[in-house]
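K.L.:
After the sequence you'll find the predicted model.
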Amino acid sequence: MSNKQHSTTINLPRGNLDLTYQINDTSGSKATYQLEELLSFAQRINPKRAFLFVSKVLGRHIPVAPSTMRNAFTDLANLVPSDLPGPILVIGMAETAVGLSAGVHQALQARYPKALLLNSTRHAQHNDDNSETLLTTFSEDHSHASQHLIYQSADKATQEQLLASKTLIMVDDEASTGNTCVNVVTALRNAGLAQLEQVHLTTLVDWSLNQNQGTADADDTISTRLPNIDFHRHHLLSGAWQWTDAPDPEPIIMPSVDTTEAGSQPLGNTGNWGRFPTLDSTDGFDNYLEKFQTAFTRFNEQAQFDKKQLPERILVLGSNEFVWLPFLLAEWLEQTASLNSDNQTVKFSALTRSPIALGGAITTMLSFSDNYGLGMTNFAYNVEPSDWDLIVLCVETASDSVDDMWQGLDNVLVVSPTL
């Protein structure tokens with residue numbers, strides 16, 4: 001890592017965010033990322049924390065080219081060492097990092113083909129034989145929706161491998177205090193992962209050095225809270241933040257989004273992309289791609305799918321935690337469209353339950369009812385529908401679960417597993 005310190009101050013309506021940071025000398029990666037390439041900033045509608053780091057490579061709040069996302073996934077994975085003890089578990093944090101974790105996991109499988117992927121979720125999972133059983137829960141203290149669920153596997157061999165994990169690679173978009181990492185590791189150990197030896201906090205940006213900023217043991221902040229664990233960090237950029245409230249800030253009322261209920265809309269079959277332990281996060285993609293091609297054929301009034309009919313400007317939107325298969329679809333479209341014309345553009349973003357104020361990195365906001373039947377407001381940020389020839393809205397529920405706002409736009413194609 002480069003020792004050169006950088007600093008900047010971000011002015012937001014509710015206060016000032018002072019940053020000191022270091023740019024990685026990413027020896028295991030091909031790329032060096034500048035702060036402005038990775039992040040912008042916005043204001044949360046959240047009394048717990050007034051600011052938000054808005055990623056420019058994650059495809060969540062800002063539309064991003066799938067190839068840019070893939071490069072970040074791979075560059076981050078390349079920072080993880082090649083001599084880790086197995087079994088290895090890669091775990092991602094809902095909702096923001098479930099696609100990031102799958103991308104890191106997929107890149108790691110070139111070196112660790114037997115690594116398991118498991119994401120936390122805020123959607124309770126149910127089936128008829130009660131085989132979908134919780135492994136544990138944990139809290140993400142500063143989040144707009146703090147409670148997370150982690151499920152175990154109904155497959156005996158997979159479950160035995162999970163419980164025997166010696167290395168945990170925890171993937172998140174950013175670490176800001178380290179509390180979530182400690183909470184996750186503690187919950188997993190209490191749930192039976194008693195053989196954990198190493199924890200690798202793997203984030204796009206790591207701000208958790210903030211806890212002991214300026215002290216000799218800054219790197220050990222999390223490590224000292226995880227007894228008998230060999231702790232490591234991997235990130236594209238690291239630093240520390242300090243927040244100063246503006247005088248007499250306006251009070252904030254946060255929408256109610258903290259639920260782990262299933263919702264009234266049943267989830268269709270999209271395979272297993274990480275809500276349960278899996279070796280293959282692409283399970284289900286071939287079927288979902290076929291659903292897209294069928295839906296596009298109808299939408300475009302074609303007899304059969306013709307990739308040459310793809311329009312120039314395409315935005316693919318995932319929905320909440322359902323982002324990995326939609327990302328793979330966006331990546332397929334980007335590669336396919338580039339064969340048609342140099343002028344075609346494909347970008348990826350996602351619907352979210354996260355309430356963010358307009359301003360800074362957030363230039364536009366669409367609000368609408370969620371498609372899970374939770375009666376919750378969802379948002380799409382920095383999406384202006386008229387900027388796109390085609391918006392592919394990917395859901396894991398039925399097509400008619402989508403809010404009328406989307407149904408009323410003639411350039412929106414809803415792709416559902418129940419087509």
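P.N.:
On my side now, so go ahead. Numbers count the residues shown, from 1 in each chain.
K.L.:
So what touches the helix or strand containing Met69?
P.N.:
Secondary-structure assignment from DSSP states H and E places Met69 in helix 66-77. Under the criterion CB atoms under 8 Å, 6 or more residues apart in numbering, residues 26, 29-31, 33, 57-59, 99-100, 103-108, 171, 202-204, 234-236, 316, 327, 330-331, 333-334, 346-348 lie in contact with helix 66-77. (Each C-beta comes from the backbone N, C-alpha and C, glycine too.)
K.L.:
In strands, which of those appear?
P.N.:
Residues of the contacts of helix 66-77 located in strands (DSSP state E): 171, 202-204, 234-236, 316, 346-348.
K.L.:
isn't Trp406 right next to Asp400, touching?
P.N.:
No: counting by CB atoms under 8 Å, no contact exists between Trp406 and Asp400, whose distance comes to 10.9 Å.
K.L.:
Comparing the two, which residue is more hemmed in?
P.N.:
In terms of neighbours (other CB atoms under 10 Å), Trp406 is the more surrounded of Trp406 and Asp400; the figures are 20 against 12.
K.L.:
how about the more buried one, phi and psi?
P.N.:
Taking degrees, to the nearest 10, you get phi -70, psi -40 for the backbone angles of Trp406.
K.L.:
Same check on the one 4 residues further on?
P.N.:
Listed backbone geometry of Asp410 is phi -80, psi -10, with angles given as degrees, to the nearest 10.
K.L.:
what about it, how many residues close to it?
P.N.:
Around Asp410 there are 6 residues (other CB under 10 Å).
K.L.:
Quick check: Asn287 is in a helix.
P.N.:
Yes: under DSSP: H, G, I helix; E, B strand; the rest coil, Asn287 sits within a helix.
K.L.:
per-residue pLDDT, it?
P.N.:
In the predicted model, Asn287 carries a pLDDT score of 95.
K.L.:
Now for it: which residues touch it?
P.N.:
Asn287 makes contacts with 269-271, 417, as judged by CB under 8 Å, 6+ apart.
K.L.:
will you turn those residues into JSON lines that also has secondary structure, pLDDT and neighbour count?
P.N.:
Shown next, in JSON lines, are the contacts of Asn287 (DSSP: H, G, I helix; E, B strand; the rest coil; pLDDT from 0 to 100; neighbours: other CB atoms under 10 Å):
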{"residue": "Asn269", "secondary structure": "coil", "pLDDT": "92", "neighbour count": "11"}
{"residue": "Thr270", "secondary structure": "coil", "pLDDT": "94", "neighbour count": "22"}
{"residue": "Gly271", "secondary structure": "coil", "pLDDT": "92", "neighbour count": "17"}
{"residue": "Pro417", "secondary structure": "coil", "pLDDT": "93", "neighbour count": "21"}
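K.L.:
where do the helices sit along the protein?
P.N.:
35-38, 66-77, 98-108, 156-163, 179-190, 285-299, 324-340, 404-407 (DSSP state H).
K.L.:
Nearest the geometric middle of the protein, what residue?
P.N.:
By CA atoms, centre = their mean, the chain has its centre lying nearest to Ala97, at 2.2 Å.
K.L.:
Would you mind measuring from that residue to Leu117?
P.N.:
12 Å (CB to CB, to the nearest Å).
K.L.:
go on, Asn71?
P.N.:
Taking CB to CB, one finds Asn71 at 20 Å from Leu117.
K.L.:
what do you get for Asn269?
P.N.:
Separation of Asn269 from Leu117 (CB to CB): 18 Å.
K.L.:
swap in Asn371?
P.N.:
To Leu117, Asn371 is 24 Å away according to CB to CB.
K.L.:
Contact partners for Arg44?
P.N.:
Arg44 neighbours (CB under 8 Å, 6+ apart): 50-52, 144, 354-357.
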